[in-house]
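> Pasting the sequence and the predicted model now:
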Amino acid sequence: MPAHPAARVRQAIAGAQTLHFVGANDALSALLIERAGFDGVYLGSYSTQATFLAKPDLDLMPKTERLFILRNVVKAVSVPVIADMEEGYGNAISVIEAVRDFEATGAAGVHIDDEVIPCKCPVMQGVPPNRLLSTEEMCGKIRAAVCARQNPDFLLIARSDVVGTVTREEYYQHNLMEEVVRRSNLYAAAGADAIMIMGFTEEELSYYAKKVSAPLIGLYAPAEPIAFGEFRRRKYALAIGTIATLYMYMRALIDGLRELKRTEDWNAVQDRMVTDPEFFQVLGLERYRRMYKEFSIS
């Protein structure tokens, strides 16, 4: 098997596999995703802004902080990691710098969106709609990204956030799925290795699978409640559970802390916790114990 995570992802895509990635919030959740047997880890802005800033996905985290988190995630796992590179943090020149920075972390790839700065989660309700770059400018960013990467296996994924420019009703009323297809095919022609799709129904997954001329990456989340098997059936290259661990984490803490406050008794929440042996086994304490002995550390 190829050593570099990016090469492993490319090999799997070429072999017509559908890889299953899950979104991490930090290095620990990434490690747990790997231990659960998933093919890879995704690090998105939605989760990192929530867990590190306690804020919604409104373009509030600078690139340096995202890179710090990403480096730790990549170091924690051996499976491939794909990261959210937002809109590239500026124009095409900024994209060149961003690609080099993200690639240097050891990540397998990034995705870049076609929103105008500041970008926002495209399915977030009650905030001003997103605005999109022209296809000419976005294609220029993609070409810049292709020129910037050092490893040709490093994945450059493009996503059009058309759905974030209007209400969901307007999206369907004006058949803006056609605009997603038009933009996606232009981005693939400009050099994107794959296209990330936001499909809200199984019918939409099928539509994009027929219309987009590139490997597809699908998402599942509360806004896109689609089973992994549906992506595999339509031969998507990857399917990503973008915020699964984030929402599991929040639910577990909300319920556990509420119970601890109600009872004021540690014993009342013991069944919600890992044990000390489980905790240290996950974190690999035994490896460090061996180091203490091997290197005569007192």
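Done, it's in.
> And the helices in the stretch 101-250 of the chain, which stretches?
135-148, 168-173, 177-190, 202-211, 228-233, 244-263 (DSSP state H, counting those that start in this stretch).
> Show me the contact partners of the last one.
This means helix 244-263. Contacts with helix 244-263, where a contact means CB atoms under 8 Å, 6 or more residues apart in numbering, come from 22-25, 29, 32-33, 46-47, 50-51, 221-222, 266, 268-269, 272-273. Backbone N, C-alpha and C define where each C-beta goes, glycine included.
> cool, the fifth one as well?
Residues from elsewhere that reach helix 228-233 (CB under 8 Å, 6+ apart): Thr18, His20, Glu202, Leu205, Gly218, Tyr220, Leu238, Ala239, Gly241.
> Of these, which is the nearest to Lys293?
Taking CB to CB as the measure, Lys293 lies nearest His20 of the contacts of helix 228-233, at 38.4 Å.
> Who does that closest one form a beta bridge with?
Ala239 (DSSP bridges).
> so it sits right up against Asp39, yeah?
Yes - the pair formed by His20 and Asp39 meets the contact definition of CB atoms under 8 Å, at 5.1 Å.
> Can you list phi and psi of the residue sitting nearest the centre point of the chain for me?
In the chain, the residue lying closest to the centroid (CA atoms, centre = their mean) is Tyr42, at 3.5 Å. Backbone geometry at Tyr42, expressed as degrees, to the nearest 10, gives phi -120, psi 140.
> and it, what does it touch?
Phe21, Val22, Gly23, Ala24, Val81, Ile82, Ala83, Asp84, Ile240, Thr242.
> Would you mind pulling the contact partners of the one helix or strand the third one maps to?
Here Gly23 sits within strand 19-24, counting by DSSP states H and E. Outside of strand 19-24, the residues that reach it under the criterion CB under 8 Å, 6+ apart are 9, 12-13, 30, 33, 36, 38-44, 46-47, 73, 80, 82, 228, 237-246.
> what about 6 Å?
12, 30, 33, 38-44, 47, 73, 228, 238-244 (CB atoms under 6 Å, 6 or more residues apart in numbering).
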